[in-house]
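Asks: Have a look at this fold, sequence not included:
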């Protein structure tokens, strides 16, 4: 038996991977990966070269995003595919 959280993650991942890459898809994957608090404190944009530009509202959130980058990268890879986001660039 699988936990409900794991089932939901699998379902969202399966649905997202079949959708074309768009700003909305990237924002949704970001929010799902980082949670609502960090999503509210940041904005994201995926450049054509695979660089995810993350702009934090202040230094605290910039450092928090950097600290969580390995987990964020793993979750984004599960939702968007492992080859979509090549670099995460966090700025203020």
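Replies: Great, that's in hand. Note that this is a predicted model, so its numbers are computed, not measured.
Asks: In this protein, which helix is the longest?
Replies: As assigned by DSSP state H, the longest helix anywhere in the chain is helix 4-17.
Asks: Give me the contacts around that helix.
Replies: Helix 4-17 is touched from outside by 2, 25, 28, 29, 32, 78, 79, 80, 81, with contacts defined as CB atoms under 8 Å, 6 or more residues apart in numbering. Glycine gets a C-beta too; all of them are placed from N, C-alpha and C.
Asks: again with stretch 40-56
Replies: 21, 23, 26-27, 30, 34, 57-58, 61-62, 64-65, 76, 83-92.
Asks: start to end distance for it?
Replies: 9 Å (CA to CA, to the nearest Å).
Asks: Go through that stretch and flag the buried ones.
Replies: Neighbour counts over stretch 40-56 (16 or more other CB atoms under 10 Å) mark 41, 42, 44, 46, 52, 54, 55, 56 as buried.
Asks: and that stretch, what's its mean pLDDT?
Replies: The pLDDT scores in stretch 40-56 average 98.
Asks: and residue 60, what pLDDT?
Replies: pLDDT for residue 60: 98.
Asks: Could you do the one 5 residues further on as well?
Replies: Note on residue 65: pLDDT of 98.
Asks: separation between the spatially closest residue to it that is not a sequence neighbour and residue 66?
Replies: Nearest non-adjacent residue to residue 65, counting by CB to CB, 6 or more residues apart in numbering: residue 90, 4.9 Å away. Counting by CB to CB, to the nearest Å, the gap from residue 90 to residue 66 is 5 Å.
Asks: which one of the two has more residues nearby?
Replies: Set residue 90 next to residue 66 and count neighbours by other CB atoms under 10 Å: residue 90 wins out with 19 against 13.
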